[in-house]
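Undergrad: show me how the following folds:
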Amino acid sequence: MTKVIVNVAVGVIKKNNALFICKRADDQHQGGLWEFPGGKIEAGESIFNALKRELHEEIGINIFSSSKLLTIEHDYDDKCVKLHVHIVSNFSGQAHGAEGQPNAWVAIDELDNYAFPAANAAIISAIKEKYK
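TA: As a prediction, the model looks like this:
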């Protein structure tokens, strides 16, 4: 049986030299780990529109633009995801855990101190390469 690929818009929210991350709820897929915020792209929705909707719902910001960082596919045993990762630095509002989730602004060189899902390793590498 072929696994369905879940397309996800991911925002690397950047302010100065810090990035905004959130902790996944324990009952979610990859629960208890830190992540860059975002969510599932709905049928017919553009990556930017999905990012705009998800970041407003999840962390309470309004984004005006984004730039592609990378796209990666990762096969967890129970789910296959295609992450469309964009850098977001042009936004309004104060990023916060709008759904009650723990969150933090973290310096780029401190990302290794946080436990992320395996799919995020490539994102962190790309961020470090871009901002070294």
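Undergrad: can you report how many residues lie near Val4?
TA: Each residue near Val4 was counted by other C-beta atoms under 10 Å, and the total is 8. In this view, the C-beta of every residue, glycine as well, is placed from N, C-alpha and C.
Undergrad: and the helices in the protein?
TA: 47-59, 120-130 (DSSP state H).
Undergrad: can you check which of those gets nearest to Trp105?
TA: Of all the helices of the chain, helix 47-59 sits nearest to Trp105, with 11.3 Å by C-beta to C-beta.
Undergrad: and that closest one, C-alpha only, in PDB?
TA: Extracted C-alpha coordinates of helix 47-59, given in PDB (Å, rounded to 0.1, in the frame of the first residue of the first chain):
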ATOM      1  CA  ILE A  47       2.200  27.200   0.000                       C
ATOM      2  CA  PHE A  48       2.100  30.900   0.900                       C
ATOM      3  CA  ASN A  49      -1.600  31.000   1.600                       C
ATOM      4  CA  ALA A  50      -1.300  27.900   3.800                       C
ATOM      5  CA  LEU A  51       1.700  29.400   5.600                       C
ATOM      6  CA  LYS A  52      -0.300  32.600   6.100                       C
ATOM      7  CA  ARG A  53      -3.300  30.800   7.500                       C
ATOM      8  CA  GLU A  54      -1.400  28.300   9.700                       C
ATOM      9  CA  LEU A  55       0.900  30.900  11.200                       C
ATOM     10  CA  HIS A  56      -2.000  33.200  12.000                       C
ATOM     11  CA  GLU A  57      -3.900  30.300  13.700                       C
ATOM     12  CA  GLU A  58      -0.900  28.700  15.400                       C
ATOM     13  CA  ILE A  59       1.300  31.700  16.600                       C
END
